[in-house]
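*Asks:* need a 3D model of the following:
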Amino acid sequence: MQSMTTYATEPSLLTGDQKIQAAVLESLAEAANHRTWFAGMATPYLGAHPIEIGSGLGDYLLEWLPYVDRFTATEADPERLVELKQRFADDRRVEAREMLLPTDSSGDHTALVSYNVLEHIEDDVAALRSMARLIQPGAPMVLVVPAFPIAMSKVDVATGHWRRYTRRSLTDAAVAAGLTVERMEYVNSLGFICYFITARLLGMSPKGGLMMRVYDSVVTPITRRLESRLRPPFGQSILAVLRRP
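*Replies:* Numbering: from 1, shown residues only. Now for the predicted structure:
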């Protein structure tokens, strides 16, 4: 569950039902344990001035801010971008910009983070190349994407997902984009089971309330402890750390 940077946008290319996506973001905002766990996966790679692709409402950004000097947040949806800018209007470390991939934009950020974005983009190889142009040579790109095509559900389709990945398919896309693969791991194994049952089999959408609170307070801590000891052979997501040559 700024410096030397240019940006370009094409907001007309947004995919998926934006209202459903907003509802999913709002429900996931309740999952504090899940958010802290996943944010921590990227923290060691951030450097002084990272850029995030698809910042949404800025929940992960809040987790990362204590570790950076500056942060560039980007969002493709104009309405969410307004909320994002308002939320961080008083924090001079944060610059919020509109961006949609693929793009010709370039930059020299110390790292790039992007959670649950790549699956929304039809040409994912072009998107990965665009991401690489936003960071310094040798800098890391930390991605989280949904795993396993077998779990593709009505929720995926409604929110504009073109695909769910395997480690092999994401590795192939990264290599085709000219990137070096440093890590490629399945994460959140128990979350995969919960998602497969609720979304794939029962057709339910993620939402806040009791079910989300139970998941976050019980399932997430157990999964985190298990996966701190053993890498699972499957998961709801893939964590990838890629490098620009």
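
*Asks:* how about the strands in the protein?
*Replies:* According to DSSP state E, the chain carries its strands in the segments 51-53, 71-75, 94-98, 112-115, 140-146, 180-187, 237-243.

*Asks:* where does pLDDT dip in the chain?
*Replies:* 1-27 (pLDDT under 70).

*Asks:* which one of the strands of the chain is the most hemmed in?
*Replies:* With neighbours taken as mean count of other Cβ atoms under 10 Å, the strands of the chain reach their highest mean count in strand 51-53, at a mean of 28. For glycine as for every other residue, the C-beta is placed from the backbone atoms N, C-alpha and C.

*Asks:* what residues does that strand touch?
*Replies:* Residues outside strand 51-53 that contact it (Cβ atoms under 8 Å, 6 or more residues apart in numbering): 60-61, 64, 71-74, 99, 101, 107, 109, 111-114, 117, 131, 134-135.

*Asks:* contact partners for the residue lying closest to R213 once chain neighbours are set aside?
*Replies:* Nearest non-adjacent residue to R213, counting by Cβ to Cβ, 6 or more residues apart in numbering: E30, 6.9 Å away. By Cβ under 8 Å, 6+ apart, the contact set of E30 is 208, 212-213, 216.

*Asks:* how about 10 Å then?
*Replies:* The contact partners of E30, taken as Cβ atoms under 10 Å, 6 or more residues apart in numbering, are 59, 207-209, 212-213, 215-216.

*Asks:* swap in D90?
*Replies:* With contact set as Cβ under 10 Å, 6+ apart, D90 has no partners.

*Asks:* P245 too?
*Replies:* For P245, the contacting residues are 132, 137-138, 178-180, by Cβ under 10 Å, 6+ apart.

*Asks:* and these, which are buried?
*Replies:* 132, 179 (16 or more other Cβ atoms under 10 Å).

*Asks:* filter the contacts of P245 down to the ones in helices?
*Replies:* Counted as lying in helices by DSSP state H, out of these, are A132.

*Asks:* L202 against M211, yeah?
*Replies:* No - in this structure, L202 is not within contact of M211 by Cβ atoms under 10 Å, at 11.5 Å.

*Asks:* quick one: which of the two has more around it?
*Replies:* Neighbour totals were compared for L202 and M211, and M211 leads with 14 against 9 (other Cβ atoms under 10 Å).
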